[in-house]
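K.L.:
Sequence and predicted structure below; questions after.
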Amino acid sequence: MKNRWNKIEAKRFADNPQSLRVYTSRLLGQESQLVLHGGGNTSVKMNTSDFFGNDVETLFVKGSGWDLATIEGAGFAPERLDVLKALAAFGTLSDSDMVEQQRIALLDSKAPNASVEAILHAMIPFRDVDHTHADAVLAVTNTANGKERIDELYGDRVIVIPYVMPGFALAKLVYELTQGIDWNAYEGMILMNHGVFTFSDDARASYEKMIELVSEAEDYLESRNANQLASGASQMDPIALAEIRKQVSKLRGAPVIANWDQSPEAVGYSNLPSIESIGTRGPLTPDHSIFAKRIPAVLGPNPQESIETYASEYEAYFKRNADDSLACLDTAPRWAIWPKRGILSFGLNAKNASVISDIASHTAKVVQLSENLGGWTPLSESDVFDVEYWELEQAKLKSNKTTPALQGRIAVVTSAASEVGRVCVEDLLKKDAAVIALDENPIVATLFESPAYLGIACEDEDADTLGSAIKCGVEKFGGLDILVTNLSRDASEESTPNSDAILKAAFPFLLLGINPSIVIIGSRATASSKRQTQIARDNALETAGEQVRVNLVIPDSEYGAENPEMPQLENNSPNIESYAQTSGDHSRLSGNEIAHTVSSLAVGLF
C-alpha cells in the first residue's frame with residue numbers, strides 16, 4: 001500500500017497537532033482499501049482549556065457522520081479524557097447510555113457525537129490513534145483459521161482481540177485484556193473480523209505503522225497466491241434491470257436507484273461456480289450490514305422469483321434472531337449478484353446506491369481473497385444481526401425524516417441544454433431524482449456535477465440514437481419513471497418526430513417505472529401550441545391503459561437563450577420585466593416556476 005505522507009504538505013501543520021491529525025486522517029480516507037464512506041476513525045489527545053480557562057486533557061476523536069477522506073477540524077469531537085477513561089471501567093453500559101455520557105463529556109456543545117469507539121481511543125495510552133477496516137487484514141482474519149494466520153503474519157508485534165460487537169462491549173473487552181501490558185511493545189492491534197488499530201505519540205508514525213501492517217497483509221496474500229480474482233464480460237439486459245428495480249422498489253416501499261456494476265471484476269465474481277455459497281455467507285465487516293444488510297440476493301434465471309425468495313428468507317432471519325423490542329426492516333435486498341451480468345446495488349438515491357456499490361465491490365474482492373487463502377469464513381449470523389439491529393441504528397429507524405419529493409425517481413429530460421430544460425434538470429436534481437439529460441449540444445454532458453446526473457449528447461430526431469441514449473441511462477440508474485419532453489424551443493410542427501421518437505424509446509421502460517408520468521413542455525407560439533396539445537392528447541390516449549399519466553405545460557411566453565428578443569439577466573435568468581410586457585396577464589414568470597410546475601406534475605399531484 002502506498003505511503004501518501006508528503007513532507008512538504010505535513011510541514012504546514014508541524015506546530016498544530018490537531019491540524020496534523022486532520023491531514024493524516026485524510027491520507028487514510030483516500031485509500032478505499034482502508035476505509036469506506038464514513039468507516040474507520042482517528043483521534044489525538046491534547047491539553048485544551050474549558051470555558052473557565054482550566055486545563056483539560058482532551059480527546060479529539062472523529063465525529064459521527066464525518067468521512068475521513070474529507071474531514072475537517074470541526075469533524076472531531078472534543079471529549080474530556082478522564083470521563084471516557086472512567087467509562088471504560090464501568091461494569092455494564094448500554095450503547096445509548098454510552099452515547100449520552102459521551103455527549104455530556106463534550107467540551108463543545110456544537111460538536112458532533114463522538115465515534116462509538118471513542119472510549120477505546122481514550123484508553124490507548126498514545127497521543128495519536130488510527131483505526132481502519134483494511135481489506136487485506138480482513139481477508140486474513142475472515143478465514144476458518146484466521147487467528148493462526150494473524151499470529152503467523154505478525155507474531156507478537158500486535159495485540160489480537162477476538163470479535164465482539166463495536167461500542168461499549170468492545171471497549172470493555174480491550175480494557176480487560178490489556179490490563180498490565182506494556183503498550184510500547186506493540187505496533188498495533190488487530191480486531192478479528194473488524195479491523196486494525198495503530199498508535200504512537202507521533203501522527204506520522206501512527207499513520208505509517210498502519211500502512212506497514214496493511215502492506216504486510218497484502219504481501220502475505222500475494223505470497224500464498226490468494227490474490228487471483230475472477231474476470232468476465234457482461235451481458236446487457238436493460239429491460240430485465242428495470243423489472244428487477246421495480247420489484248425491489250415495491251419491497252422497499254419506495255423507489256430505488258439501481259447501480260449496475262458491469263466491470264470485469266464484478267462479472268467474474270458473479271460467474272463463480274460457488275457464488276451461491278460464498279456470496280451469501282456474510283459481510284466483510286459487521287458494520288457494512290447497517291448499509292447493505294447481512295447478505296445480497298443471488299439472482300437466478302427468474303430474478304423476480306429470486307428476490308421473493310430473498311424477502312422470505314430475510315423475514316425468517318429476523319424471526320430467528322429478534323426479540324419483541326425490535327422492528328423488522330423492509331425485506332428488500334440492498335445489493336444483488338446477477339450471474340453473467342455483474343452486481344446490482346439498490347439505494348434510495350444515487351449517492352446511497354454508490355455507497356452500497358462500493359461496499360459490494362470490496363466485499364466481492366475480499367471474499368475471493370479469503371476463499372483462496374483458506375476458506376471465506378465471516379462472522380456468524382447472530383453476530384451480524386446484533387450490529388444490523390443495533391439499538392443506535394434502531395433509534396435512527398424510528399426517527400422521522402423528511403423524504404425529498406422525487407427521491408429515487410428517474411427522469412429523462414430532452415432539450416436539456418436549453419434554458420427551460422436546464423432549470424427543469426436542476427429542479428429535479430434538487431428533489432433528489434436521478435436525471436438523464438439529452439440534447440444535441442455536447443455541453444449537456446457537463447452541465448451538472450452529480451452522481452445523479454447523466455448528460456448525453458444525441459440527435460433528438462434520430463430514433464436509434466435516442467433509443468441507445470435511453471438504454472444507457474437505464475443501465476446507469478436502473479429504470480425510468482418520468483419523461484419530460486421539452487418542446488419549448490421548437491417553433492413549428494417539426495417537433496413531432498422528436499416527441500414520437502423519444503416516446504417510442506422510453507415507453508417500454510416507463511411501463512416498468514414507479515408511478516410513471518410524461519410531462520410535455522410546449523410553446524406559446526400559435527403554430528406549434530395546437531400541434532403540441534394534440535401530441536399530449538395522443539400520448540395520453542396511447543398510455544392511459546398502462547396507467548402512465550400525461551400532462552402538458554405551455555408557458556405563456558417564450559424566453560431564454562432560444563429567444564434572442566428576450567434579454568438575459570445574470571445566471572441566465574429571463575428578463576422578467578420584458579416578459580411581463582408580453583404575457584397575456586402581465587404576470588411575472590421565471591424558469592424556476594416552470595420547473596416547479598413540471599416537478600409537481602411528475603410527483604403525481606395532478
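P.N.:
Yep, that arrived.
K.L.:
Let me see the ranges of the strands in the stretch 101-250 of the chain.
P.N.:
128-132, 158-161, 188-191, 195-200 (DSSP state E, counting those that start in this stretch).
K.L.:
same check, this time on the stretch 401-550 of the chain
P.N.:
Under DSSP E, counting those that start in this stretch, the stretch 401-550 of the chain gives strands at 410-413, 434-439, 453-457, 482-486, 517-521, 549-553.
K.L.:
which sections of the stretch 501-606 of the chain are below the confidence cut-off?
P.N.:
524-532, 544-545, 556-589, 605-606 (pLDDT under 70).
K.L.:
where exactly do the helices run in it?
P.N.:
526-543, 576-582, 591-603 (DSSP state H, counting those that start in this stretch).
K.L.:
ok so, going back, specify the stretch among the strands of the stretch 101-250 of the chain that is closest to Pro442.
P.N.:
Closest approach to Pro442 among the strands of the stretch 101-250 of the chain is made by strand 128-132 (41.5 Å; Cβ to Cβ). (Glycine included, C-beta is placed from N, CA and C.)
K.L.:
What strands line up against the closest one, and which way round?
P.N.:
Applying DSSP bridges to the sheet, strand 128-132 is found paired with strand 41-49 (antiparallel), strand 195-200 (antiparallel).
K.L.:
Domains in the protein, by residue range?
P.N.:
What automatic domain parsing lists as the domains of the chain is 7-223, 238-398, 410-603.
K.L.:
Straight-line length of the first one, end to end?
P.N.:
Start to finish, the residues bounding domain 7-223 are 32 Å apart (Cα to Cα, to the nearest Å).
K.L.:
Ok, the last one next?
P.N.:
By Cα to Cα, the extent of domain 410-603 from end to end equals 11 Å.
K.L.:
on that earlier part again, okay, the strands paired with strand 128-132, which one's buried deepest?
P.N.:
Per-stretch averages of neighbours, counted by mean count of other Cβ atoms under 10 Å, single out strand 195-200 among the strands paired with strand 128-132, with a mean of 24.
K.L.:
from the middle of its chain, how far away would it be?
P.N.:
With Cα atoms, centre = their mean, to the nearest Å as the basis, strand 195-200 stands 26 Å off its chain's centre.
K.L.:
Quick one: mean pLDDT over it.
P.N.:
Mean pLDDT, computed over strand 195-200, is 98.
K.L.:
Distance from stretch 119-132 to the middle of the chain?
P.N.:
Offset of stretch 119-132 from its chain centre (Cα atoms, centre = their mean): 28 Å.
K.L.:
Which positions in it come out as buried?
P.N.:
Residues of stretch 119-132 classed as buried: 119-124, 126-132 (neighbour count, 16 or more other Cβ atoms under 10 Å).
K.L.:
Kindly report the same for stretch 455-469.
P.N.:
Per 16+ other Cβ under 10 Å, stretch 455-469 contains these buried residues: 455-458, 460-461, 465-467, 469.
K.L.:
And stretch 276-296, end to end?
P.N.:
10 Å.
K.L.:
Could you list the buried residues of it?
P.N.:
Residues 278-279, 281-296 are the ones in stretch 276-296 that count as buried (16+ other Cβ under 10 Å).
K.L.:
Tell me which helix or strand in this protein has the weakest average pLDDT.
P.N.:
Ranked by mean pLDDT, DSSP states H and E, the helix or strand of the chain with the weakest confidence is helix 576-582, at a mean of 47.
K.L.:
name the element Phe291 belongs to?
P.N.:
Taking DSSP states H and E as the criterion, Phe291 maps to helix 288-292.
K.L.:
Next SSE downstream of that helix?
P.N.:
strand 297-298.
K.L.:
Against which helices or strands is that following strand packed?
P.N.:
helix 303-321, strand 335-338 (3 or more Cβ pairs under 8 Å, 6 or more residues apart in numbering; DSSP states H and E).
K.L.:
Could you identify which of these is most buried?
P.N.:
strand 335-338 (a mean of 27).
K.L.:
quick one: strands adjacent to that strand?
P.N.:
strand 297-298 (parallel), strand 342-347 (antiparallel).
K.L.:
Show me the one of the strands of the stretch 101-250 of the chain that comes nearest Leu373.
P.N.:
strand 188-191 (15.6 Å).
K.L.:
helices and strands around the closest one, which ones?
P.N.:
So strand 188-191, by 3+ Cβ pairs under 8 Å, 6+ apart, packs with helix 146-154, strand 158-161, strand 195-200, helix 203-223.
K.L.:
Quickly run through the sheet partners of the second one, with directions.
P.N.:
To tie it back to what came earlier, the one meant is strand 158-161. strand 188-191 (parallel).
K.L.:
can I have the partner strand written out in PDB, keeping just the CAs?
P.N.:
C-alpha atoms of strand 188-191 as PDB (Å, rounded to 0.1, in the frame of the first residue of the first chain):
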ATOM      1  CA  GLY A 188      -0.800  -2.200  16.600                       C
ATOM      2  CA  MET A 189      -3.900  -4.100  17.500                       C
ATOM      3  CA  ILE A 190      -5.900  -6.500  15.300                       C
ATOM      4  CA  LEU A 191      -9.700  -6.800  15.900                       C
END
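K.L.:
State the mean pLDDT of it.
P.N.:
On average, strand 188-191 scores 98.
K.L.:
With adjacent residues omitted, what lies nearest to Pro112?
P.N.:
Gly63 (3.0 Å; Cβ to Cβ, 6 or more residues apart in numbering).
K.L.:
Test my guess that that neighbour contacts Glu117.
P.N.:
No - counting by Cβ atoms under 8 Å, Glu117 is not a contact partner of Gly63; they are 11.9 Å apart.
K.L.:
follow-up on the earlier one: put together a markdown table for the strands paired with strand 128-132, with distance to Leu153 on each row.
P.N.:
Below are the strands paired with strand 128-132 laid out as a markdown table (distance: least, Cβ to Cβ, whole Å):
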| stretch | distance to Leu153 |
| --- | --- |
| strand 41-49 | 24 |
| strand 195-200 | 12 |
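K.L.:
now for those, which one comes closest to His596?
P.N.:
Per Cβ to Cβ, nearest to His596 of the strands paired with strand 128-132: strand 41-49, 41.5 Å.
K.L.:
remind me which residues of the chain are low pLDDT?
P.N.:
394-400, 489-498, 524-532, 544-545, 556-589, 605-606.
K.L.:
Show me what the longest helix belonging to it is packed up against.
P.N.:
The longest helix of the chain (DSSP state H) is helix 350-373. Where contact means 3+ Cβ pairs under 8 Å, 6+ apart, helix 350-373 is packed against helix 135-141, strand 257-261, helix 264-270, helix 288-292, strand 335-338, strand 342-347.
K.L.:
quick revisit: please convert the helices and strands packed on strand 297-298 to CSV, extending it with distance to Ala89.
P.N.:
Below are the helices and strands packed on strand 297-298 laid out as CSV (distance: least, Cβ to Cβ, whole Å):
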stretch, distance to Ala89
helix 303-321, 31
strand 335-338, 41
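K.L.:
So for Val367, which of the ones you listed sits nearest?
P.N.:
Of all the helices and strands packed on strand 297-298, strand 335-338 sits nearest to Val367, with 10.4 Å by Cβ to Cβ.
K.L.:
picking that back up, out of the strands paired with strand 128-132, which is closest to Glu475?
P.N.:
Using Cβ to Cβ, those put strand 195-200 closest to Glu475, at 34.3 Å.
K.L.:
got the angle for the closest one vs helix 203-223?
P.N.:
Inter-element angle recorded for strand 195-200 and helix 203-223: 140 degrees (by axes from the mean of the first three to the mean of the last three Cα atoms, to 10 degrees).
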